[in-house]
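Colleague: Could you look at this predicted model? Sequence included:
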Amino acid sequence: MKVNPHMAQDMLALQQRTAMNQTELLKAVIALIQADVLEERDQEVIRALQRLARLTV
C-alpha cells in the first residue's frame, strides 16, 4: 500500500499498539468508518473526512 511517510508511521504505530497486521488494521478502520459515517451519520466525523478529502485534491 502506497502512503505518505507520516501515514506509514501512524499505521506502524497502530499496528504495534493493537498487535494487528496491516490487513486486520485496515479492516478495523473501514468498519469504524462504516459505523460512524454510513450507519450513525456522525456529522463531526463526516466533516473531518470532508476536510481531509479537500486537502488531498
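Modeller: That came in fine, so what should we check first?

Colleague: which element is the spatially most central residue of the chain on?
Modeller: Residue closest to the average C-alpha location in the chain (Cα atoms, centre = their mean): residue 29, at 5.0 Å. Taking DSSP states H and E as the definition, residue 29 sits inside helix 22-33.

Colleague: Same question for that helix: list its buried residues.
Modeller: residue 25 (16 or more other Cβ atoms under 10 Å). The C-beta positions use only the backbone N, C-alpha and C, and glycine is treated the same way.

Colleague: Compute the inter-axis angle for the helix or strand that that helix is followed by and helix 22-33.
Modeller: Per DSSP H and E, helix 22-33 leads on to helix 43-56 as the next helix or strand towards the C-terminus. For helix 43-56 against helix 22-33, the angle by axes from the mean of the first three to the mean of the last three Cα atoms, to 10 degrees is 120 degrees.

Colleague: For helix 43-56, give me every contacting residue.
Modeller: Residues outside helix 43-56 that contact it (Cβ atoms under 8 Å, 6 or more residues apart in numbering): 33, 36, 37.
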